[in-house]
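# With the sequence up front, the predicted model follows.
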Amino acid sequence: AELYLGGVQVLGYELISIIKRDLALFGSTIALVICAVLALLFRSLRWVVVPVLCCASSVAMTVGLFGLLGLKATVISSSFVALQLILTLAIVIHLIVQYRESLRTMPDASQREVVLDSVKRKLAPCLFAAATTSIGFGSLLLSGIQPVISFGWMMVVAMLVSTLCSLLLVPAINLMLPRQQVPQRNSLFRLFINACHTLATKHRPAVYMGSAILAVAVGAGITLLSVENSFINYFAEGTRIHKELKFVDQKFGGSTPLDIIYSIPVEEQAEIPTLSAATVQRLQGIQHTLEEHEAVGTTLSVVNFTELAKLINQGKPLTEYELTAVYWSLDKSVRQDLLGAFFAPDAQELRISTRIKDSTEDLDRKQLLVDIRDDLKAQGIPESDTKLTNLFVLYQGLLEQLFNSQILTLGAVFIVLGLAFAIIFRSLRLALIALIPNIFTALFILGSMGWLNVPLDFMTITIAAIAVGIAVDDTIHYIPVSYTHLTLPTIYSV
């Protein structure tokens, strides 16, 4: 036989399995990429081994800390290994580059003097960069969704470990190794850097114009940004889980449950009969309007029980008293199994259970909920008498909250970053200058997602915070070098 598994439990199991595989896959893949990039940048085995040791040590210690602190990897935080490797590598590269620069400026110094000089020059910038990067990830703590908050804490802890590990381990390893020869500059990257420098200094009007045009395009892209969540599309089409979920979704009436709880109005309530004819007719109307939506699959309620009774009665509908007699004549356990999930006599509430076909093309989940509520109002049902619930509503509510929290967290992080820049650079002008590229980075990411039709969901909601966290690091290291009248000891007095 061919077996097709579906449902929330299967989805959860598969997501957890993928997270475990991704942690190993991302870590090993990023490690290989790091080695290749380092070899291309520095063309030295020494500067491949040292960063790899630092990255491996920081990840190992962080994973151990997460275990001790009880922080668990989720779908949202499953990329923390790759992110930490990238953040650790950024700090290590700054230290290596400064060490090589110190070799050039101190040709007669000993290895110890060169190492101490490089650490002295980069200690404060790295600490400030780590602090402001943590602010970027710390913005996730303002979200109202626990997995996102946990991811924020995880990245703050990871940033702390990466910073301490890099600042301590790189100098320690360098002190154990002999003094390196004065290295040659990488001509390939020097050409690129010089081209960027020329463009920024000699063609400023073109830079301003291009930035303005890009800003307009980004703004238009943000207006196209949507919030969406299709669990089936989380998996590649060729995977078994995608085929199984899609098969069940299309052939067996949907996969995501949606319930409507209908509170029977006081004027319709009656002990005998158990359900009045008006209530049954009302349920039939609700169920009929639900089934008219393309994305709505199998629908079950007390109406199905009345139709079964009608079928047994040779196609003749039962009166409300006959339905009541059938209801109470059933064995209690049978009655509970058949109707207990759809009718609560004590609370006088009825449940209509339906499943949404998640694979419906161009399904707008938010609009579907709006349309269902409008249909209920059109039937004269007060909004207070109905409640929409279950996983479909839960997930959509989470996504909308994610979208709102994204705006809140980005606004808060830019305010805090502006204050941090003003304190670090001791200049409001420089703080505003430093803030602009960080704001533009986040908006560019969101605008690009809008143009590329990449919706915000549980996976992509953290991308803007990650981009800001990385952009802040570059800003901290770049500003003092660009404004040469501001000396490092003046700005970075520790």
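The structure has been received and is ready for your questions. Numbering: from 1, shown residues only.
# Which secondary structure elements does the helix or strand where residue 47 lies sit against?
Assessed by DSSP states H and E, residue 47 sits inside helix 46-69. For helix 46-69, the elements it packs on are helix 8-42, helix 80-105, helix 146-176, judged by 3 or more CB pairs under 8 Å, 6 or more residues apart in numbering; DSSP states H and E. C-beta here means a position set from N, CA and C on the backbone, and glycine is covered the same way.
# Please work out the average pLDDT along the first one.
Spelled out, that is helix 8-42. Averaging pLDDT along helix 8-42 gives 80.
# Please apply the same query to stretch 263-278.
According to the model, stretch 263-278 has a mean pLDDT of 74.
# same deal with stretch 300-318?
The average pLDDT for stretch 300-318 rounds to 79.
# do the same with stretch 232-251
83.
# what about the helices in the stretch 201-350 of the chain?
Using DSSP state H, counting those that start in this stretch, the helices found in the stretch 201-350 of the chain span residues 204-223, 240-251, 277-291, 302-312, 320-329, 332-339.
# distance of residue 241 from residue 421?
The spacing between residue 241 and residue 421, counted by CB to CB, to the nearest Å, is 46 Å.
# Over to residue 324?
Separation of residue 324 from residue 421 (CB to CB): 73 Å.
# Between those two, point out the one with more neighbours.
residue 421 (25 against 18; other CB atoms under 10 Å).
# next helix or strand past the helix or strand that contains that one?
Using DSSP H and E, residue 421 falls within helix 391-425. As assigned by DSSP H and E, the chain's next helix or strand after helix 391-425 is helix 428-451.
# which outside residues touch that following helix?
Helix 428-451 is contacted from outside by 211, 214-215, 217-226, 410, 414, 417-419, 421-422, 425, 454-456, 460, 463-464, 467-468, 471-472, 475, 479, 483, 486, using CB atoms under 8 Å, 6 or more residues apart in numbering.
# quick check, distance from it to the centre of its chain.
With CA atoms, centre = their mean, to the nearest Å as the basis, helix 428-451 stands 19 Å off its chain's centre.
# before we move on, what about stretch 167-179?
With CA atoms, centre = their mean, you get 37 Å for stretch 167-179.
# Please renumber the chain so that the first residue is 8 from this point on.
Okay, using 8 as the starting number, the last item reads as stretch 174-186.
# pull the CA atoms of it into PDB?
Only the C-alpha atoms of stretch 174-186 are listed here, as PDB (Å, rounded to 0.1, in the frame of the first residue of the first chain):
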ATOM      1  CA  LEU A 174      39.600  39.000  21.300                       C
ATOM      2  CA  LEU A 175      41.300  36.500  23.600                       C
ATOM      3  CA  LEU A 176      42.000  33.500  21.300                       C
ATOM      4  CA  VAL A 177      43.400  35.400  18.200                       C
ATOM      5  CA  PRO A 178      46.100  37.300  20.200                       C
ATOM      6  CA  ALA A 179      47.000  34.200  22.200                       C
ATOM      7  CA  ILE A 180      47.500  32.100  19.100                       C
ATOM      8  CA  ASN A 181      49.500  34.900  17.400                       C
ATOM      9  CA  LEU A 182      51.800  35.100  20.500                       C
ATOM     10  CA  MET A 183      52.500  31.400  20.100                       C
ATOM     11  CA  LEU A 184      53.500  31.700  16.500                       C
ATOM     12  CA  PRO A 185      56.600  33.400  15.000                       C
ATOM     13  CA  ARG A 186      56.500  36.900  13.600                       C
END
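# For that stretch, list every residue counted as buried.
174, 176-178, 181 (16 or more other CB atoms under 10 Å).
# now do stretch 266-284
Per 16+ other CB under 10 Å, stretch 266-284 contains these buried residues: 266-271, 280-283.
# Which pair of those residues spans the longest distance?
By the measure CB to CB, 266 and 280 form the most distant pair in the buried residues of stretch 266-284, at 24.4 Å.
# which residue packs closest to residue 173, ignoring adjacent ones?
Distances taken as CB to CB, 6 or more residues apart in numbering put residue 98 closest to residue 173, at 4.2 Å, once the chain neighbours are dropped.
# how far away is residue 30 from residue 398?
Relative to residue 398, and taking CB to CB, residue 30 is found at 26 Å.
# who are the neighbours in contact with the residue nearest to residue 357 when sequence neighbours are not counted?
Once flanking residues are discounted, residue 357 sits nearest to residue 269: 4.6 Å by CB to CB, 6+ apart. Counting by CB under 8 Å, 6+ apart, residue 269 touches 289-290, 293, 356-359, 388, 392-393.
# let's see 7 Å
290, 293, 356-357, 359, 392-393 (CB atoms under 7 Å, 6 or more residues apart in numbering).
# What is the neighbour count of the residue nearest to residue 173?
Neighbour tally, residue 98, other CB under 10 Å: 28.
# Check it and give its pLDDT.
Looking at residue 98, its pLDDT stands at 89.
# my guess is it meets residue 132, correct?
No. Counting by CB atoms under 7 Å, residue 98 does not reach residue 132; the two are 9.7 Å apart.
# Any idea how far stretch 87-105 is from the middle of the chain?
The answer for stretch 87-105 is 22 Å, by CA atoms, centre = their mean.
# right, I mislabeled it, should have said stretch 134-150
16 Å.
# what does it contact?
In contact with stretch 134-150 (CB under 7 Å, 6+ apart) are residues 94, 155-156, 158-160, 162-163, 166, 170, 412, 415-417, 419-420, 423-424, 427, 431, 469, 472, 475-476, 479-480, 483-484.
# Buried ones among these?
94, 155-156, 158-160, 162-163, 166, 170, 412, 416-417, 420, 424, 427, 431, 469, 472, 475-476, 479-480, 483-484.
# coming back round to it: generate a ChimeraX selection restricted to the buried subset of the contacts of residue 269.
Entered in ChimeraX, the line below selects the buried ones among these, by 16+ other CB under 10 Å:
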select :290,293,357,359,393
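# Point out where the chain drops to low pLDDT.
Where the chain drops to pLDDT under 70, the residues are 151, 189-190, 192-195, 235-236, 277-281, 342, 345, 412-413, 465, 487-501.
# would you list the buried residues of stretch 266-284 in a markdown table and tack on distance to residue 103?
Formatted as a markdown table, these follow (distance: CB to CB, whole Å):
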| residue | distance to residue 103 |
| --- | --- |
| 266 | 58 |
| 267 | 62 |
| 268 | 62 |
| 269 | 67 |
| 270 | 68 |
| 271 | 73 |
| 280 | 83 |
| 281 | 78 |
| 282 | 77 |
| 283 | 80 |
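# for those residues, which one is nearest residue 42?
Nearest member of the buried residues of stretch 266-284 to residue 42, counting by CB to CB, is residue 266, at 52.4 Å.
# The closest one pairs with what?
residue 360, residue 396 (DSSP bridges).
# quick one, phi/psi of the residue of the chain most remote from its centre?
Most distant residue from the mean C-alpha position of the chain: residue 321, 55.3 Å away (CA atoms, centre = their mean). Torsion angles at residue 321 (phi, psi; degrees, to the nearest 10) stand at phi 60, psi 40.
# With that, I have no additional questions.
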